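> Here is the input, now give the coordinates:
(one chain, ligands or ions: 1)
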Amino acid sequence: MGNEIRKEQDYLDKVMATVAEQISEVEADTSKRKDEVITMRKHFWDDLKVNMDTFDDYLETIIGMRQQAQDLSVSQSTHRYASERLKRLKRLEKTPYFGRIDFHEEGTEAAEEIRIGVSTLMEEANDDILIYDWRAPVSSVYYDYPPGSAAYDTPEGMIEGELEKKYQYIIKGGTLESMFDTSITIGDEILQQVLGQGSNPYMHSIVATIQREQNKIIRHDRKKLLIVQGAAGSGKTSAALQRIAYILYKYRETLLASEIVLFSPNQMFSSYVSHVLPELGEENMQQETFQGYLEYRLGDSFDVEDPYDQLEYLLEGTDDPFYKTRKASIAFKSSASFFDAIRGYQKALETAGMIFKGLRFRGEMLVSAVEISEYFYSNDTSLTFPHRIERLGDWLLKLIEETEEKEKQKSWVQEEIELLSKDELQQVFKKIQKSEDADEDSFDFHDKEKELLVRMVVRRRLKPLREKVKRLQFINMKKLYWQLFDGKVESLGGFELPEAWIEVCAITKESLANGRLFQEDATPYLLLQELIQGFHSNTAIKHVFIDEAQDYSVFQFEFLRRLFPAARMTVLGDFNQAIFAHSDHFEDFHSLTGLYGEEETESIILERSYRSTKQIIEFTRELIPEGQQIKAFEREGEKPELSVVPDQGALNREIAGEVNRLKERGASTVAVICKSAAESERAFEALRGLDGVKLVRKNSDEYERGVVVIPAYLAKGIEFDAVIIYNASNEVYSEESLRRLFYTACTRAMHHLHLYSVGKPSAFLTDRSEEFIIQK
Ligand SMILES: Nc1ncnc2c1ncn2[C@@H]1O[C@H](COP(=O)(O)OP(=O)(O)OP(=O)(O)O)[C@@H](O)[C@H]1O
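Prediction:
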């Protein structure tokens, strides 16, 4: 190995020298380009000869301007390219590469040493590649194979060969700190080191230690839908982000970061993952929350309940007289039955039952709801439904046009003209002057003025009506949806309705009447609206990523598929962490196959968990059915602890003491995880005295370092050095429906997990759990 290390240091020196040389070249070039651009911008008009005397002069001036603008734009993009290259080189300067494979390609004489880093480095004199980008085709051998036969895919086909050796390096500031010959040593020392470190305020890239099964997700490129079911901490989010970086590299000629959208659970999570792509030298994709989209589409018409308020009600509202009804409402409205009911309803509306709103003008009915309906159903029924609505809209606009003509003759118009302000009159006057060289004294001029004033007054009055028609507001959407709960669902027949159906209908109608849309109604409402009015689609988006997918209903998936018709979809989730009431049905993601069909769907399962120590995983996997399938990465730590305390006072005292101990032991993030926001508020009040403690609420948008009190549902997707479960008693966690929430909370811990319980602990902790936990 000694020889190898010397040889490696020589190679590293050569790389560092090349990087330094290229940096100074690019720096000189960038500053020259920058000056050039600034000078060009400054003198843009000086260098241009503006002469408009004759047509030829005019042409020459225009051509000159175009040329100048083109030169400026070329200089600007060359400057941009150079500064991007500089950033890449600066990254290489810190850590030029992290791995090496000695790959002997079939049919060649000897193995080639291929070093792998975050981007490519080429020797300019001879085009030799000193470092391969981790996303280059050959780099996949590094992630996919142990020494022995190996192959990798290229656009020209498979390349086969022999992987003779494989190394991992730790290089810092140009010095080789360690080098592992992974063809001899077993295990993954670097991964051990990375996972053993403390948590970070932002998620980091994992390119140096991507595991084989994760690499399959990152490089998957065949089917329209990729479904990843993975245990808590198995690297789903990490793999998704590296996959985005990979796609951006592979399709760099044609794909922009803005054509990729990641749906994430909330703002805090979005900020937590926002550093990975920039760290890899890529621009960030767009990030959205589904709630954000619902607000955007329905926020003007309704006060849309957000999923956290819905969940909080389910967790804390058990004393509410409508609690059971609300639960039944959520279950039914997220089911495939309700989905079919909505589609059946839309089908039935093709022949009868549409509800319209009549159009009134100046207090008089222009066209009644019944007349609109008659016209609608008397027209060509072979067209699609949204097309028929469009035709109806055209007809209504024509009616408005006819009305405009008729109204022009009426006396109210004259009266209104007389009331016009000076400014308004002036505007009309200017308009006529502009339109032709009219002589103000001529008869024609006054006629024109009068005509324009009449038109202006009538049009202005009719404008809101035209807008209403253009926005399809002549359809009574609220009433149409309302009707579903007024006997429609029953009349469509064939659906298994909840026992409390009558009560479900009552609370839904009441909520609609108050302008409130329950979370469980929002997507079905929007789906019905789109089925009737035509789908809003965004064809610019080429890839959609849905993280924490277990929290989405079938409605939401169907919706996203239609919203992004040109996109491939990557769906990542863990049904053991399905905490929302509508996701109770999630046992696996099999039902999603229907979205694009079996042919276009690929599923990958991740079973190894990386976030937590072996001891934490051994404990948490006991909490869920079939948890035994989850494999721990061999990282040793302490067993989780359970402290049973007699009362609330002792609970808060002991937790405060434990937080301080954990901080002293170096934990930089400590989360006190509670069942709900209500419990978090109470816990926060009691722990206020702790130095720097913060409360995380649903609208917090930054991941906080230090000590936080947080409801379990907001902690999903993120991680902490140490987790304290605020009160894991049987009184708090008794309902079976809370098992997944409890599991989600415990799996946020990386190095330490401590559960506290006032009195008897939750029944989720079985006899077997005792083996994996230290009772205090
Ligand atoms: N190959 C890897 N190399 C280094 N670290 C990894 C690797 N895979 C995962 N990790 C780390 O494990 C932790 C969990 O990863 P991540 O958050 O992506 O998992 P997840 O499956 O999305 O978890 P959850 O479902 O619980 O939200 C992170 O700290 C991540 O950096």
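> what's around the residue in the stretch 451-600 of the chain that the ligand sits nearest to, how many residues?
Closest to the ligand within the stretch 451-600 of the chain is Asp574: 4.8 Å, counting by Cβ to the nearest ligand atom. The C-beta positions use only the backbone N, C-alpha and C, and glycine is treated the same way. By other Cβ atoms under 10 Å, the residues close to Asp574 number 27.
> What confidence value was assigned to it?
With respect to pLDDT, Asp574 has a value of 93.
> What ranges does the stretch 501-650 of the chain have for its helices?
501-513, 519-533, 554-563, 593-596, 614-620, 648-664 (DSSP state H, counting those that start in this stretch).
> In TSV, list the ones you listed along with mean pLDDT.
Putting the helices of the stretch 501-650 of the chain into TSV (pLDDT from 0 to 100) gives the following:
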stretch	mean pLDDT
helix 501-513	96
helix 519-533	94
helix 554-563	89
helix 593-596	85
helix 614-620	96
helix 648-664	95
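> and among those helices, the most buried is which?
Highest mean neighbour count among the helices of the stretch 501-650 of the chain (mean count of other Cβ atoms under 10 Å): helix 614-620, with a mean of 24.
> Just the CA trace of it, in PDB.
Output in PDB follows, covering the C-alpha atoms of helix 614-620 (Å, rounded to 0.1, in the frame of the first residue of the first chain):
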ATOM      1  CA  LYS A 614     -27.700  -0.100  14.400                       C
ATOM      2  CA  GLN A 615     -29.200  -0.100  18.000                       C
ATOM      3  CA  ILE A 616     -31.800   2.600  17.100                       C
ATOM      4  CA  ILE A 617     -32.900   0.600  14.000                       C
ATOM      5  CA  GLU A 618     -33.100  -2.600  15.900                       C
ATOM      6  CA  PHE A 619     -35.500  -0.900  18.300                       C
ATOM      7  CA  THR A 620     -37.600   1.100  15.700                       C
END
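> which outside residues touch it?
232-233, 609, 612, 627, 630, 632-640, 743, 746-747, 749-751, 753, 769, 772-773 (Cβ atoms under 8 Å, 6 or more residues apart in numbering).
> and what of stretch 109-121?
With Cβ under 8 Å, 6+ apart, stretch 109-121 has contacts from 11, 15, 18-19, 22, 88, 91-92, 95-105, 129-134, 136, 138-139, 142, 162, 164-165, 205, 207, 280-281.
> Which members of those are classed as buried?
Among these, those buried by neighbour count (16 or more other Cβ atoms under 10 Å) are 11, 15, 18-19, 22, 88, 91-92, 95-105, 130-134, 136, 138-139, 142, 164-165, 205, 207, 280-281.
> Just those: which are in strands?
Here DSSP state E is the test, and those give 99-105, 130-133, 164-165 as lying in strands.
> Just send those back as a markdown table, with distance to Phe684 too.
Putting those into a markdown table (distance: Cβ to Cβ, whole Å) gives the following:
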| residue | distance to Phe684 |
| --- | --- |
| Gly99 | 45 |
| Arg100 | 50 |
| Ile101 | 51 |
| Asp102 | 56 |
| Phe103 | 56 |
| His104 | 61 |
| Glu105 | 61 |
| Leu130 | 54 |
| Ile131 | 49 |
| Tyr132 | 50 |
| Asp133 | 46 |
| Glu164 | 58 |
| Lys165 | 54 |
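> closest to Arg252 among those?
Closest to Arg252 out of those is Asp133 (10.6 Å), distances taken as Cβ to Cβ.
> Tell me which residues touch the residue of the chain found nearest the ligand, please.
Distance from the ligand to each residue of the chain (Cβ to the nearest ligand atom) is smallest for Gly235, at 3.0 Å. Taking Cβ under 8 Å, 6+ apart, we find Gly235 in contact with 206, 211, 214, 606, 610.
> Widest-spaced pair of the residues you listed?
Within the contacts of Gly235, two members stand farthest from each other by Cβ to Cβ: Ile206 and Leu606, at 13.0 Å.
> what's near enough to touch Gly666?
Residues near Gly666 by Cβ under 8 Å, 6+ apart: 198, 721.
> part of a strand, is it?
No. Assessed with DSSP: H, G, I helix; E, B strand; the rest coil, Gly666 is coil; it does not lie in a strand.
> What separation is there between it and Tyr713?
Going from Gly666 to Tyr713 by Cβ to Cβ, to the nearest Å gives 28 Å.
> Does Ala678 lie in a helix or a strand, and which?
Using DSSP states H and E, Ala678 sits within helix 677-687.
> on contacts alone, who are the packing partners of the helix or strand following that helix?
Next in sequence after helix 677-687, counting helices and strands by DSSP H and E, comes strand 694-695. Under the contact criterion of 3 or more Cβ pairs under 8 Å, 6 or more residues apart in numbering; DSSP states H and E, strand 694-695 touches helix 677-687, strand 706-711.
> State the number of residues packed around Arg768.
9.
> That one and Glu622 touch, don't they?
Yes. Using Cβ atoms under 8 Å, Arg768 is in contact with Glu622, at 5.5 Å.
> wait, is Ser183 part of a strand?
No. Secondary structure of Ser183 (three-state DSSP): coil, not part of a strand.
> thinking again about what came up before, could the helices of the stretch 501-650 of the chain go into CSV alongside distance to the ligand?
Formatted as CSV, the helices of the stretch 501-650 of the chain follow (distance: least, Cβ to the nearest ligand atom, whole Å):
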stretch, distance to the ligand
helix 501-513, 32
helix 519-533, 22
helix 554-563, 18
helix 593-596, 21
helix 614-620, 10
helix 648-664, 18
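> Make TSV out of those and add distance to Glu736.
Converted to TSV, the helices of the stretch 501-650 of the chain look like this (distance: least, Cβ to Cβ, whole Å):
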stretch	distance to Glu736
helix 501-513	22
helix 519-533	21
helix 554-563	22
helix 593-596	28
helix 614-620	17
helix 648-664	24
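> what residues does the stretch 151-300 of the chain put near the ligand?
By Cβ under 6 Å from any ligand atom, the part of the stretch 151-300 of the chain that sits against the ligand consists of 191, 194-195, 206, 209-211, 214, 230, 232-238.
> Read off the pLDDT value for the nearest residue to Ser603 once chain neighbours are set aside.
Spatially, and ignoring its direct neighbours in sequence, Ser603 is nearest to Ile227 (4.6 Å; Cβ to Cβ, 6 or more residues apart in numbering). Note for Ile227: predicted pLDDT of 95.
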